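S.K.: this one's sequence-less:
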């Protein structure tokens, strides 16, 4: 049974067994039961596309060179954002 299917089996409105116990019985971490994926920020998606595009042109660029490239284009990004 997939994680998604196990997650759907849990009945949150029941008092017994508790959600913790149901997760334990289904071998599912409780945090994954509560987790809801967040949509990606369009700005981040655009930056990732630009990084991929530039990397295909200059695969020798590391994070520092990539940051300098974007600064020259007027995009204010730092190394953590490029390499993260």
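M.R.: Cool, got the structure. All of these numbers come straight from a predicted model, not from anything done at the bench.
S.K.: Name the surrounding residues that touch stretch 69-77.
M.R.: 47, 50, 54, 58, 61, 67, 82 (CB atoms under 8 Å, 6 or more residues apart in numbering). In short, each C-beta sits where N, CA and C put it, glycine included.
S.K.: The residues you listed: which two are farthest apart?
M.R.: Using CB to CB, the contacts of stretch 69-77 span at most 16.4 Å, a distance reached by 47 and 58.
S.K.: neighbour count winner among these two?
M.R.: residue 47 (16 against 10; other CB atoms under 10 Å).
S.K.: Please report how far the more buried one lies from residue 61.
M.R.: 14 Å (CB to CB, to the nearest Å).
S.K.: Repeat that for residue 50.
M.R.: For residue 50 relative to residue 61 (CB to CB), the value is 12 Å.
S.K.: How about residue 49?
M.R.: For residue 49, the distance to residue 61 - CB to CB - is 16 Å.
S.K.: quick one: which of these two has more around it?
M.R.: Ranked by neighbour count (other CB under 10 Å), residue 49 and residue 61 place residue 61 first, with 16 against 10.
S.K.: Could I get the contacting residues of the more buried one?
M.R.: Residue 61 sits in contact with 54-55, 69, where contact means CB under 8 Å, 6+ apart.
S.K.: What distance do you get for residue 45 to residue 51?
M.R.: 11 Å.
S.K.: Residue 3 now?
M.R.: With distances taken as CB to CB, residue 3 is found 30 Å from residue 51.
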